[in-house]
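A.B. asks: sharing a model prediction with you, sequence too.
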Amino acid sequence: MPVLVMKFGGTSVANIDRIRRAAKRVGVEVAKGYDVIVIVSAMSGKTNELVGWVGEISPLYDAREYDAVVSSGENVTAGLMALVLQEMDIPARSWQGWQVPVRTTSAHSQARIEEIPTDNINQKFGEGMKVAVVAGFQGVSPEGRVTTLGRGGSDTTAVAFAAAFDAERCDIYTDVDGVYTTDPRISTNARKLDRIAFEEMLELASLGAKVLQTRSVELAMRYNVKLRVLSSFEEMDDNAGTLVCAEEDIMESKVVNGIAYSRDEAKMTLISVADRPGIAAAIFGPLADAGVNVDMIIQNIAEEGRTDMTFSCPVDQVLRAEKALFAAKESGSINFHDLVADKNVAKVSAVGIGMRSQSGVAAKMFKTLSNEGINIKVIATSEIKISVLIDRKYMELAVQALHDAFELEKA
Ligand code: ASP
Ligand code: MG
């Protein structure tokens, strides 16, 4: 039997009524002849509540007990979903992570899946079970303790099962009807995409992260798992939602497929550092050690052996970055005249696999921003993305103007 993975997020299993509605969709797929693996999240709000309780007892909690507590929300929905399916006369059984077992690393609260043996569940399918309901977000460490995969981890559970069971597709049911060309709250012209390439989805993480855990997209890309994001609140339709797939499965692509943004960025400039071999390593090594996620980097042309080095990072990491750089200065490993932080910037990016073969995208982007009187502070490009740092107060305007300029409202 072909296998289908169906994942239901928290809002899709928020109460018994919604679990029943989700189960009806499972029933439709079973009737088509699929063996279905259902991955469930905790009821919406549940995981936050559990995390809150842990923090209330112990701010510096033991991560193993954190996992023991926060993984429990999914156990409840897995059992309830199996019961509802059984009431519908669909042979179903629930599985907690350790029962499969979903083998993970022992990095508690952010474990990675290492292996999912298929024999247990396949044996049950062989005996007539039609649906395996698996608790998402959790696994078991080599030490035999329960682990969790990081917030939003049920998406990753779903993709990992789809890969392990060679599923025909992995349907991610959520409360939005797909992936949009940009945030519909910012541009009313935002359009739902029918298809998007894995690479684009990863680049659009700032929009997509709310829809899919980034890890799940990486995993889907690595194992070429067809992912479909769709709403569990709309009529069932074989073409609903957005298919996240390999480039080869997209017939024709526009040059730009999405405008992404990241609101809380900071730009930091080291004024007058010595331009010598090893200087970049001496600056960015300590930043990495301090856990600063450096994004864009610019080194200016040197004059008289000295240069300015600019980089961007999340605004809440500025203090950490300053501390690391002043410590490096103190120790003598780097030398600079001043460190200037601009905490009022945002990043806006145009993303599209079509950029690989089309020129003029950057020019059009810059022209559009200049027409709006928006000053560009830093530019960075990759094969399929052009990003700019601008003043945060112009972020919405920039997103709207670029969305219009690249005519993303048109299919
Ligand atoms: N329930 C977990 C969370 O809220 C995992 C998930 O739903 O993906 O993060
Ligand atoms: Mg989620």
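C.D. replies: All right, it came through fine. Numbering: from 1, shown residues only. Ligands and ions are numbered 1, 2, ... in the order given.

A.B. asks: ok, whatever residue of the stretch 151-300 of the chain ends up closest to ligand 1 - contacts?
C.D. replies: Closest residue of the stretch 151-300 of the chain to ligand 1, Cβ to the nearest ligand atom: residue 154 (3.2 Å). Using the backbone N, CA and C atoms, a C-beta is placed for each residue, glycine as well. Neighbouring residues of residue 154 by Cβ atoms under 8 Å, 6 or more residues apart in numbering: 7, 9, 39, 40, 41, 74, 136, 137, 213.

A.B. asks: among these, show me the least confident.
C.D. replies: Within the set of these, pLDDT is lowest for residue 213 (91).

A.B. asks: who are the neighbours in contact with it?
C.D. replies: Contacts of residue 213 (Cβ under 8 Å, 6+ apart): 150, 151, 152, 153, 154, 155, 156.

A.B. asks: out of the contacts of residue 154, who's near ligand 1?
C.D. replies: 9, 41, 136, 137 (Cβ under 6 Å from any ligand atom).

A.B. asks: could you check how far the closest residue to the first one other than its chain neighbours is from residue 196?
C.D. replies: Among residues not flanking residue 9 along the chain, residue 174 sits closest, at 4.5 Å (Cβ to Cβ, 6 or more residues apart in numbering). From residue 174 across to residue 196, the span is 15 Å (Cβ to Cβ, to the nearest Å).

A.B. asks: look at the two and report which has more neighbours.
C.D. replies: It is residue 196, of residue 174 and residue 196, that has more neighbours when counted by other Cβ atoms under 10 Å, with 29 against 23.

A.B. asks: any idea how far that one is from residue 339?
C.D. replies: Look at residue 196 and residue 339: by Cβ to Cβ, they are 39 Å apart.

A.B. asks: where do the strands of the stretch 51-200 of the chain begin and end?
C.D. replies: For the stretch 51-200 of the chain, the strands defined by DSSP state E, counting those that start in this stretch occupy 92-95, 103-104, 113-115, 131-135, 138-140, 146-148, 169-174, 195-197.

A.B. asks: helix/strand/coil for the residue lying closest to residue 181 once chain neighbours are set aside?
C.D. replies: Leaving out its chain neighbours, the residue that sits closest to residue 181 by Cβ to Cβ, 6+ apart is residue 408, at 4.0 Å. Three-state assignment for residue 408 (DSSP: H, G, I helix; E, B strand; the rest coil): coil.

A.B. asks: pLDDT at residue 408, what is it?
C.D. replies: 96.

A.B. asks: pull the contacting residues for it.
C.D. replies: Residues near residue 408 by Cβ under 8 Å, 6+ apart: 181, 182, 189, 190, 191, 254, 256, 257, 258, 259.

A.B. asks: give me phi/psi at residue 227?
C.D. replies: phi -110, psi 130 (degrees, to the nearest 10).

A.B. asks: hang on, it packs against residue 167?
C.D. replies: No - Residue 227 is not in contact with residue 167 according to Cβ atoms under 8 Å; the separation is 10.4 Å.

A.B. asks: follow-up on the earlier one: between the contacts of residue 408, which has the most around it?
C.D. replies: Neighbour max across these (other Cβ under 10 Å) = residue 259, 31 neighbours.

A.B. asks: could you find the closest non-adjacent residue to residue 14?
C.D. replies: residue 44 (4.6 Å).

A.B. asks: residue 15 is in contact with that neighbour, correct?
C.D. replies: No - counting by Cβ under 8 Å, residue 44 does not reach residue 15; the two are 9.2 Å apart.

A.B. asks: more neighbours: those two, which one.
C.D. replies: Higher neighbour count among residue 44 and residue 15: residue 44, with 17 against 12, using other Cβ under 10 Å.

A.B. asks: list the residues that contact that one.
C.D. replies: 9, 10, 11, 13, 14.

A.B. asks: likewise for residue 166?
C.D. replies: Each residue near residue 166 by Cβ under 8 Å, 6+ apart is listed here: residue 3.

A.B. asks: again with residue 69
C.D. replies: 50, 53, 54.

A.B. asks: can you tell me which of those residues is closest to residue 222?
C.D. replies: For the contacts of residue 69, the residue nearest residue 222 by Cβ to Cβ is residue 50; the value is 30.3 Å.

A.B. asks: I figured the closest one hits residue 72, correct?
C.D. replies: Yes - using Cβ under 8 Å, residue 50 is in contact with residue 72, at 6.7 Å.

A.B. asks: what parts of the protein come near ligand 2?
C.D. replies: Counting by Cβ under 5 Å from the ion, the chain comes close to ligand 2 at 9, 152.

A.B. asks: around ligand 1, which positions in the chain sit nearby?
C.D. replies: Residues of the chain lying near ligand 1 (Cβ under 6 Å from any ligand atom): 9-10, 41-42, 47, 73, 136-137, 151-155.

A.B. asks: picking up where we left off before, for the residue of the stretch 151-300 of the chain closest to ligand 1, give its distance to residue 120.
C.D. replies: On the measure of Cβ to Cβ, residue 154 and residue 120 end up 20 Å apart.

A.B. asks: so residue 36 is in which element?
C.D. replies: Assigning secondary structure by DSSP states H and E places residue 36 in strand 35-40.

A.B. asks: follow-up on the earlier one: quick check on the contacts of residue 44: which are buried?
C.D. replies: 9, 10, 11, 13, 14 (16 or more other Cβ atoms under 10 Å).

A.B. asks: next step: these restricted to helices.
C.D. replies: With DSSP state H as the criterion, helices contain none of those.

A.B. asks: now do the longest strand anywhere in the chain, average pLDDT.
C.D. replies: The longest strand of the chain (DSSP state E) is strand 258-274. Confidence for strand 258-274, expressed as mean pLDDT, is 95.
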